[in-house]
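Asks: Structure, please.
(3 chains)
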Amino acid sequence: MNPERKNNSFLHQKASVDENAYIGSYTAIGKGVKIESDVYISKGAVIYGNALIQAGTYIGENCIIGHPQRNDLTKITKEKQEITEFESPLITIGKDCTIRAGTIIYSEVSIGEKCQTGHNVMIREKTTIGSNTLIGTNTIIDGNVIIGECVSIQTGVYIPLYSKIGNNVFMGPFSKLTNDKYMTRKEFALIGPDIEDNVSLGANSVILPGITLKRGTMVGAGSVVTKNTNENDIVIGNPAKLLKKIPEDWS
Amino acid sequence: MNPERKNNSFLHQKASVDENAYIGSYTAIGKGVKIESDVYISKGAVIYGNALIQAGTYIGENCIIGHPQRNDLTKITKEKQEITEFESPLITIGKDCTIRAGTIIYSEVSIGEKCQTGHNVMIREKTTIGSNTLIGTNTIIDGNVIIGECVSIQTGVYIPLYSKIGNNVFMGPFSKLTNDKYMTRKEFALIGPDIEDNVSLGANSVILPGITLKRGTMVGAGSVVTKNTNENDIVIGNPAKLLKKIPEDWS
Amino acid sequence: MNPERKNNSFLHQKASVDENAYIGSYTAIGKGVKIESDVYISKGAVIYGNALIQAGTYIGENCIIGHPQRNDLTKITKEKQEITEFESPLITIGKDCTIRAGTIIYSEVSIGEKCQTGHNVMIREKTTIGSNTLIGTNTIIDGNVIIGECVSIQTGVYIPLYSKIGNNVFMGPFSKLTNDKYMTRKEFALIGPDIEDNVSLGANSVILPGITLKRGTMVGAGSVVTKNTNENDIVIGNPAKLLKKIPEDWS
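Replies: The predicted structure follows:
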């Protein structure tokens, strides 16, 4: 395919688009973008900044990849710059990812191969996500976050600034990490939780700022975790208390 | 109106569009779509697969109707197929529905007449929704779900796979059903709750996997329901406990 | 710039667009719209009704400003009116605001200067928001709401009909106000909470209908507030109880 011929899409002449990529209508591809072979860019999606979309990846309708960070956005607005001219720190979306419609990914994000997002996911800057990780619909990752491999993030999860998440973690629907202990009432440096490998968080659970959930911890649905846990603790309630250890016969 | 004449919209030549339908700009209507009279398709909306939009229905800006299921999406991406060529199991949006801007409805969904959605609702495959049901903004229905008639689903509700919801149910804002008891830590078949007729769920309440809420149960805001209820129980707290029965003089 | 020359955007000939505004592609600007100088309208955004976008404001991709209220939407749909012909009560977005991609703002909303929204915010009709207020991604403001100045509304907050929020309030991520005590089970006029100045709400907290949180109240994460508070109370738990007063040495 020759993307230049595609109706109703804007492709910057300096962008690099493999001839085996598919570019849908009403899209916009900026100056510093590199799109590898067998990428599929759906209708209405935009790719800005220095985004690298690796081979075999799908970008759904109306996605925004390479959204400018705050200062860059201010500059673009003030100077009335064409946003497709804007260059940025690198964004990498790995091979064979599925980025579903409506997802917004800021500049300076790196996503490993074979990751999937649901719809309307938002991932802000300075975030690294390992391969084979799933990120559910409406999940918000607020920047400066490290997420491991093979993590299952369900629908509507909230991961604020400065959170750290290990490998093989399961974050149930609408589970929420927090980072702001005093909520503007007292000086406090934001500090996210540290979620170690193999932790499972129940639906709508809340983890308080700076808490460490040790490897294999399991948190019940609707729990509010106010204290660090030990390995393989099962904690439940508000505030969460130890129910028991993970039984031997569970995997 | 002759939709062929409309600027900047794509209408597949095999699609069936009633001459009394309104088709906005930057829309795309696929091969297997049937649009009845007095339908209003807003700017930027796309209708894919074998979608039937019945008479008098409104589709808001940037909606995606007939979104491909996972396997179909993989096939479209790999083959770089035009998505407007894709055919699917039937999607039916009944008469006189209002589907507000940003809503995404997958293939193999059936919605009765006079239903309304808020914005950015997401409804996945194999879901049936009765007539006169409201579905609030940002609500997620994750597929394989049955919902009755005259249900009021408020903002931000979560309905996972294999949930069942009766008639005249009220689901308060951000109430959440769950289906995954062991969160990958032990073999477990996902099992959604069974919400019988006339149940009311408070804001941000959580219902655990497999729980049955008997007819007329009322769940307080912020409650976590871990046990089945009896008819007309009012339960509150985390974990939820019986407060009292519904008083005789209510409704 | 002469916006008439811009490719692929619709600009109603009666709209008033300052020559120093930037209008992106695939946008639509309706009949009653007034856009001041140094406004930046991104790709795919639409501005309907009688919207006034004041100088220096940024509108992100796919935003909908001036969305019709229910009755107006019904009329537009039934008459198959071009939505860019629709006139409405005034919408004002003040100077130097940043309205990020995907945000939807209904008609009859007034937003002060230097406000910011995250992505996919939804603000319904008859709402007034003071200057210097931040509104996080996915926050829903359901109409008939008054919000003060310098309020920090984090990600995913819910503010229902008839809520009142003072100045310098901090609403943590996914905090939720409610207004419906009996959830259709008994006659009840919806009544929102009254959140006074300098209140801080923890993440995922829930405030019950009609509750007043007195000036300086602080609510812990995951709490469910069922009773009015006194000034500078710190309350936590489900149901929330007084932990202590705000210490003297906090700001």
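
Asks: Do a quick rundown of the strands in the stretch 151-251 of chain A.
Replies: Secondary structure of the stretch 151-251 of chain A by DSSP state E, counting those that start in this stretch: the strands cover A:152-153, A:158-159, A:164-165, A:170-171, A:176-177, A:194-195, A:200-201, A:206-207, A:212-213, A:218-219, A:224-225, A:233-236, A:241-245.

Asks: and the stretch 51-200 of chain A, which of its residues are near chain B?
Replies: Near chain B, the residues belonging to the stretch 51-200 of chain A are A:56, A:58, A:61-62, A:98, A:101-102, A:118-120, A:137-138, A:152, A:155-156, A:170, A:172-174, A:200 when assessed by CB under 8 Å from any CB of the partner chain. Yep, even glycine has a C-beta here, placed from its N, CA and C like the rest.

Asks: Spatially nearest residue to A:T229 (excluding sequence neighbours)?
Replies: Take A:T229 and drop its neighbours on the chain: the residue closest to it by CB to CB, 6 or more residues apart in numbering or on different chains is A:T217, 4.4 Å away.

Asks: Thought A:E196 was touching that neighbour, still the case?
Replies: Yes - because the distance of 7.4 Å satisfies CB atoms under 8 Å, A:T217 is recorded as touching A:E196.

Asks: so which strand or helix has A:K78?
Replies: When secondary structure is defined by DSSP states H and E, A:K78 falls within helix A:70-79.

Asks: Could you list the residues in contact with the following helix or strand past that helix?
Replies: The C-terminal neighbour of helix A:70-79 among helices and strands, as given by DSSP H and E, is strand A:91-93. With CB atoms under 8 Å, 6 or more residues apart in numbering or on different chains as the contact definition, strand A:91-93 has outside contacts at A:49-54, A:57, A:59, A:65-66, A:99, A:105-111.

Asks: Return the subset of those lying in strands.
Replies: Within the contacts of strand A:91-93, membership in strands is found for A:A51, A:L52, A:I53, A:I59, A:I65, A:G66, A:I99, A:I105, A:Y106, A:V109, A:S110, A:I111, as judged by DSSP state E.

Asks: where does chain A dip in pLDDT?
Replies: A:1-7, A:251 (pLDDT under 70).

Asks: tell me, what residue is most central in it?
Replies: A:I123 (4.0 Å; CA atoms, centre = their mean).

Asks: gap between that one and A:V46?
Replies: To A:V46, A:I123 is 15 Å away according to CB to CB, to the nearest Å.

Asks: Equivalent analysis for A:Q54, please.
Replies: In this view, A:Q54 and A:V46 are 18 Å apart by CB to CB.

Asks: likewise A:M218?
Replies: To A:V46, A:M218 is 40 Å away according to CB to CB.

Asks: now swap in A:Y162 and tell me
Replies: Look at A:Y162 and A:V46: by CB to CB, they are 28 Å apart.

Asks: Between the two, point out the one with more neighbours.
Replies: Between A:Y162 and A:V46, counted using other CB atoms under 10 Å in any protein chain shown, the more crowded position is A:V46 (29 against 21).

Asks: Residues in a beta bridge with the more buried one, which ones?
Replies: The residues listed as beta-bridge partners of A:V46 by DSSP bridges are A:A28, A:I64.

Asks: And for A:L134?
Replies: So, taking DSSP bridges as the rule, A:L134 has A:Q116, A:S152 as bridge partners.

Asks: need the contact list for it.
Replies: A:L134 is in contact with A:C115, A:Q116, A:T117, A:V151, A:S152, A:I153, counting by CB under 8 Å, 6+ apart.

Asks: and what of A:G60?
Replies: With contacts defined as CB under 8 Å, 6+ apart, the neighbours of A:G60 are A:S42, A:A45, A:I99, A:R100, A:A101, A:G102, A:T103, A:H119.

Asks: And A:T117, by the same measure?
Replies: For A:T117, the set of contacting residues under the criterion of CB under 8 Å, 6+ apart consists of A:T98, A:I99, A:R100, A:T103, A:L134, A:I135, A:G136, A:T139.

Asks: Tell me how many other residues crowd A:S16.
Replies: For A:S16, the neighbour count with other CB under 10 Å is 13.

Asks: My error: substitute A:G56 in the last question.
Replies: Close neighbours of A:G56, defined as other CB under 10 Å, add up to 19.

Asks: cool, A:N71 as well?
Replies: 8.

Asks: So between A:T217 and A:E196, which is more surrounded?
Replies: Regarding A:T217 and A:E196, a neighbour count based on other CB under 10 Å identifies A:T217 as having more, with 26 against 20.

Asks: roughly how far apart are that one and C:V46?
Replies: Applying CB to CB to A:T217 and C:V46 gives a distance of 47 Å.

Asks: List the buried residues for stretch A:77-90?
Replies: Within stretch A:77-90, the residues scored as buried using 16 or more other CB atoms under 10 Å in any protein chain shown are A:T77, A:E82, A:I83, A:T84, A:F86, A:S88.

Asks: Please identify the residues of the stretch 101-250 of chain A in proximity to chain C?
Replies: With the criterion set to CB under 8 Å from any CB, the stretch 101-250 of chain A comes near chain C through A:102, A:104, A:120, A:122, A:138, A:140, A:142, A:156, A:158, A:160, A:174, A:176, A:178, A:180, A:182-187, A:204, A:206, A:208, A:224, A:238-239.

Asks: Mark which of the residues you listed are buried, thanks.
Replies: Buried subset of those (neighbour count, 16+ other CB under 10 Å): A:102, A:104, A:120, A:122, A:138, A:140, A:142, A:156, A:158, A:160, A:174, A:176, A:178, A:180, A:183-185, A:204, A:206, A:208, A:224, A:238-239.
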